[in-house]
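A.B. asks: this is a predicted model, with the sequence first.
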Amino acid sequence: GRVLDKKQVFLETIRCDPSECLAHCKLGCVLEAGETLQLHDGRVLDSKQLYVEAVRCNPDHSNAYYMLGLALTAGETVKLHDGSVLDQQQLFLHGIRADATKKDNLGPVGLAITLSAKESVLLADGRWLDS
């Protein structure tokens, strides 16, 4: 048998199931800043593009939105497959909405870091999130 590193394991998972959200997300996490890799379908993607793919594969996966939000710089936006263009704060809000019942949803943490001093956001469940 052959020995695979983390990148190769996630690439192989995506080759076997191109709609596997978690594999796209995890692969984005193990890439170095500025690093790209080629998927089996020929596309060359960086971590941001892998997170966009993860959101496309599963629009209800809160961590995909969270990781994509973290990958953006302040003021940067990203276009999702549905045509929506979102900034960091909007991505974190989408992540919160996508899986509001998930106890380890990281969206509120990400959202909190995007808020300016004394800024608050009212969440869909009626809770306020402060900076």
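C.D. replies: Yes, it's here.
A.B. asks: distance of the most centrally placed residue in the chain relative to residue 9?
C.D. replies: In the chain, the centroid-proximal residue (CA atoms, centre = their mean) is residue 64; its distance is 2.8 Å. Separation of residue 64 from residue 9 (CB to CB, to the nearest Å) stands at 18 Å. Backbone N, C-alpha and C define where each C-beta goes, glycine included.
A.B. asks: output the lowest mean pLDDT helix or strand found in this protein.
C.D. replies: Ranked by mean pLDDT, DSSP states H and E, the weakest helix or strand in the chain is helix 107-114, scoring a mean of 57.
A.B. asks: contact partners for the nearest residue to residue 59 once chain neighbours are set aside?
C.D. replies: Of all residues beyond its chain neighbours, the one nearest residue 59 is residue 98 (6.6 Å), with distances taken as CB to CB, 6 or more residues apart in numbering. Listed by CB atoms under 8 Å, 6 or more residues apart in numbering, the contact partners of residue 98 are 59, 60, 61, 62, 65, 107.
A.B. asks: re earlier: which SS class is the residue nearest to the centre of the chain?
C.D. replies: Under DSSP: H, G, I helix; E, B strand; the rest coil, residue 64 falls in the helix class.
A.B. asks: my guess is it contacts residue 48. True?
C.D. replies: No - the criterion here is CB atoms under 8 Å, and residue 64 misses it with residue 48 at 11.4 Å.
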